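no sequence for this one, just the structure:
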């Protein structure tokens, strides 16, 4: 087998390229830019392109498939050559399905919590020595590649992203996986550049459920009204299983959950994380993992990468970083920290970084979403707004959208100045972004603040 990747340097694409190479498939690729850590990982596997740029001579008749990444354009010369030679062209999710169509596919969907639920399930599978293939959308600790494909595993666990599949395939990725077992964690409008209305966005999850195999299973968060409505629609066509927040109490070092009258100590905290865990527990039943085995296996789980991940703790000062960027994620994460550390000052800082979050017409959805914090800061970069070709934002625009309790900054230096000013020995600092506030070193900041 010979497979060529167009836009091999993408965060998802390079992981799939490595996984296929490890499976014994001959992999080549091209890209017009490859950044770290993709570059080093591809080089270590021996599949880093020998030169940057597109080269039609890499597209040869002997290729069995071309995999097209979202970073490529529709007029990409390699894509046009592959079409001319009639080489089969796949999007990333299409090829994952091709590699897993003989397996039992478990797909985790939702606007938030996907990576956490997937990582929880993988964590317990590893502890139970259950052989699974997988695809996760973020780098997890203890894994050197976030895609695994084998000929031996009976199961395929897939994080089901609702974003588009490729430049020539406008279907959401999770529509292509055809799950045997699916989960929806929650629905909150996102990707507004692709799904222009809330109704259109919700429709994608309805269509996702229609792709679940006949007599398949849908596990869903019953606390989300839109998810509950969709699950009710499919209750006669599918086997449905609702979940919600379990009975729990907060501990100094985490949470204690009660299930079937048994107490299970955990290191994670926050109602949304506990909901994610119960959803993952119900998925685990389909891999023959009992509830008790799952909950005991979760005792040492500390979280997915950048999902309420502890940076440092010294005395009564603790710092976390989190991937939260949408209104629902900000509200859930900030609320969870306040719930866990109610006796400390909560300082919540977030960066507007995604395309949706920097849209002036989307900003009002952030109203009051950081109210749980004692001090709340929002940062945006005017340069990033311009780079994304969006309407310019003013500090006043952002301030008005978030509410009066939020301080707005538009330089990294002013963010750090504010953090140093309000931080003390009895507080929790929460840094939330899908970026890094344009260069803040979280580890160095945490070390300095806790000194």
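Ah, there it is. The model shown is predicted, which means the values in this text are computed figures rather than measured ones.

which is the next helix or strand following the helix or strand containing residue 421?
For residue 421, the host element (DSSP states H and E) is helix 412-422. Moving toward the C-terminus from helix 412-422, the next helix or strand (DSSP H and E) is strand 427-432.

the strands in the stretch 251-400 of the chain, which residues?
In the stretch 251-400 of the chain, the segments counted as strands under DSSP state E, counting those that start in this stretch are 254-259, 262-266, 309-314, 317-322, 345-351, 375-379.

let's have those in CSV, adding distance to residue 212.
Yep, even glycine has a C-beta here, placed from its N, CA and C like the rest. Listed next are these as CSV, based on distance: least, Cβ to Cβ, whole Å:
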stretch, distance to residue 212
strand 254-259, 26
strand 262-266, 30
strand 309-314, 32
strand 317-322, 30
strand 345-351, 34
strand 375-379, 38
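
for the stretch 51-200 of the chain, which spans come out with low pLDDT?
The stretch 51-200 of the chain contains no residues with pLDDT under 70.

separation between residue 149 and residue 158?
11 Å (Cβ to Cβ, to the nearest Å).

neighbour-wise, which of the two wins?
residue 158 (28 against 21; other Cβ atoms under 10 Å).

tell me the contacts of the spatially most central residue of the chain?
In the chain, the C-alpha nearest the mean C-alpha coordinate belongs to residue 115, at 4.5 Å (Cα atoms, centre = their mean). Taking Cβ atoms under 8 Å, 6 or more residues apart in numbering, we find residue 115 in contact with 136, 137, 138, 140, 159, 304, 305, 307, 323.

still on that earlier bit, anything in contact with each of residue 149 and residue 158?
Common contact partners of residue 149 and residue 158 (Cβ under 8 Å, 6+ apart): residue 100.

tell me the secondary structure for the residue nearest to the centre of the chain?
Recorded secondary structure, residue 115: helix (DSSP: H, G, I helix; E, B strand; the rest coil).

which of the strands of the stretch 251-400 of the chain sits closest to residue 290?
strand 254-259 (11.0 Å; Cβ to Cβ).

residue 96 contacts residue 16, correct?
Yes. Between residue 96 and residue 16 a contact is recorded at 7.2 Å, counting by Cβ atoms under 8 Å.

between these two, what contacts are shared?
135, 147.

what's the helix holding residue 421 in contact with?
345, 347, 349, 375, 377, 379, 407, 409, 429, 437-440, 445, 449.

state the pLDDT value of residue 352.
You'll see residue 352 listed with a pLDDT of 95.

so what's it up against?
325, 358, 378, 379, 380, 398.

could you pull up phi and psi at it?
Residue 352 adopts backbone torsions of phi -80, psi 110, taken as degrees, to the nearest 10.

direction included, what does the host helix or strand of residue 156 pair against?
Using DSSP H and E, residue 156 sits in strand 155-160. Next to strand 155-160 in the sheet, as set by DSSP bridges, lie strand 104-109 (parallel), strand 132-135 (parallel).

can you tell me which of these is most buried?
strand 104-109 (a mean of 26; mean count of other Cβ atoms under 10 Å).

what does that one contact?
97, 114, 117-118, 121, 154-160, 162, 174, 177-185, 205, 208, 279, 283, 286-287.

just stretch 186-203 next, same as before
110-113, 162-164, 204-205, 221, 224, 226-227, 230, 326-329, 355-356, 359, 362, 365.

before we move on, the earlier item: please identify which of the contacts of residue 352 is nearest to residue 273.
Distances from residue 273 to the contacts of residue 352, taken by Cβ to Cβ, are shortest for residue 325, at 17.1 Å.

relative to residue 155, how far out is that closest one?
For residue 325 relative to residue 155 (Cβ to Cβ), the value is 31 Å.

how about the helices in the chain?
11-22, 38-45, 77-84, 92-100, 114-127, 198-210, 225-233, 271-284, 291-297, 327-340, 382-387, 395-402, 412-422, 442-450 (DSSP state H).

just the buried positions in the last one, please.
Read that as helix 442-450. Buried positions in helix 442-450, judged by neighbour count with 16 or more other Cβ atoms under 10 Å: 442, 445, 446, 449, 450.

tell me the contacts of the closest residue in space to residue 382 that isn't next to it in sequence?
Excluding its sequence neighbours, the residue lying closest to residue 382 (Cβ to Cβ, 6 or more residues apart in numbering) is residue 410, at 5.8 Å. With contact taken as Cβ under 8 Å, 6+ apart, residue 410 is in contact with 379, 380, 381, 382, 395.

and the buried ones among these, selectable in PyMOL?
To isolate the buried members of those in PyMOL, using 16+ other Cβ under 10 Å:
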select buried, resi 379+380+381
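
would you turn the contacts of residue 410 into CSV with pLDDT?
Below are the contacts of residue 410 laid out as CSV (pLDDT from 0 to 100):
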residue, pLDDT
379, 97
380, 96
381, 95
382, 95
395, 95
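
quick check: the two most widely separated of the contacts of residue 410?
Farthest pair in the contacts of residue 410, by Cβ to Cβ: 381 and 395, 12.4 Å.

and which of the contacts of helix 412-422 is nearest residue 88?
For the contacts of helix 412-422, the nearest to residue 88 is residue 438 (41.0 Å; Cβ to Cβ).

and that closest one, how far is that from residue 449?
Relative to residue 449, and taking Cβ to Cβ, residue 438 is found at 19 Å.

now swap in residue 99 and tell me
Residue 99 is 45 Å from residue 449, by Cβ to Cβ.

swap in residue 10?
From residue 10 to residue 449 the distance is 34 Å (Cβ to Cβ).

likewise residue 412?
16 Å.

ditto for residue 145
Distance from residue 145 to residue 449, by Cβ to Cβ: 34 Å.
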